[in-house]
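# got a predicted model here, sequence first, then my questions.
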Amino acid sequence: MRNSILSAAVIGTIAFSSPALADIRVEFIEGAPKDRFVLTNFSDCDIGAGIFKIDFTGSDAGLIFDVSGSGAGVEVFQPFELTSGAEFLNTLPTISDGDQLAVLDISGLETNASIAFTIDVDDTRGARAITVSDSEISGTTVSFKSETTSVSAIMGAAAEVKLSVPECNA
């Protein structure tokens, strides 16, 4: 009888367990002269290879990347500079002046690891184009896509978003 109860408990646990999710936090940190993006895997498992995208096309302030002194940005510009996580990128992204999309091709992201980069972000609809307030990044879409999964979320006024990736490499 005891073995039957134990077996039923184990089967119930297995049957009702949900798969592990990898939680990725994406933060935008306004700075002068450089703005910063940080992607952090704060879950208990690694994630596999895929593509992260930061897409400004839906942003409230019409955000753009300002990476050149001769393009669409205003005053100060800053090119893309990777500050941590180079070991997780397959290639460095190509971001041109005035782009609204950053694409990061990753080989994976370990538990508690981060990919961080600096760049200049300008708004095209605000009074102070050289600074981006948290609310101006609202509407920015952040997404992750791999061979087996696709998730996205929209940033709000807090200038950060969490992606729950159902692809957890335990």
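Yes, it's here.

# residue 37 and residue 148, how far apart?
With distances taken as CB to CB, to the nearest Å, residue 37 is found 25 Å from residue 148. Quick note: C-beta positions are derived from backbone N, CA and C, even for glycine.

# what bridges to the residue most central in space within the chain?
Centroid-nearest residue in the chain, with CA atoms, centre = their mean: residue 26, separated by 3.9 Å. Residue 26 has these beta-bridge partners by DSSP bridges: residue 39, residue 161.

# check contacts around it.
37-39, 52, 54, 142, 155, 160-163 (CB atoms under 8 Å, 6 or more residues apart in numbering).

# coming back round to it: higher neighbour count, residue 37 and residue 148?
The neighbour comparison of residue 37 against residue 148 (other CB atoms under 10 Å) goes to residue 37, with 22 against 9.

# so that one is in which element?
When elements are assigned from DSSP states H and E, residue 37 belongs to strand 35-41.

# for residue 105, same thing?
Per DSSP H and E: strand 101-106 holds residue 105.

# ok, and for that strand, which residues are buried?
102, 104, 106 (16 or more other CB atoms under 10 Å).

# point out where this protein drops to low pLDDT.
Counting by pLDDT under 70, the chain contains low-confidence ranges at 1-20, 71-75, 126-134, 167, 169-170.

# which parts of it are strands?
Along the chain, counting by DSSP state E, strands occupy 22-29, 35-41, 50-55, 64-65, 81-84, 101-106, 114-119, 121-122, 141-145, 150-154, 160-165.

# pick the most buried one from those.
strand 121-122 (a mean of 28; mean count of other CB atoms under 10 Å).

# what packs against that one?
In terms of contacts (3 or more CB pairs under 8 Å, 6 or more residues apart in numbering; DSSP states H and E), strand 121-122 is packed against strand 64-65.

# so how far is the strand holding residue 105 from its chain's centroid?
9 Å (CA atoms, centre = their mean, to the nearest Å).

# numbering from 57 from now on, please.
Done: numbering now begins at 57, and the last item shifts to strand 157-162.

# contact partners of that strand?
Applying CB under 8 Å, 6+ apart, the external contacts of strand 157-162 come out as 93, 95, 105-113, 121, 136, 144-147, 149, 151, 171, 175.

# thanks again, I'm all set now.
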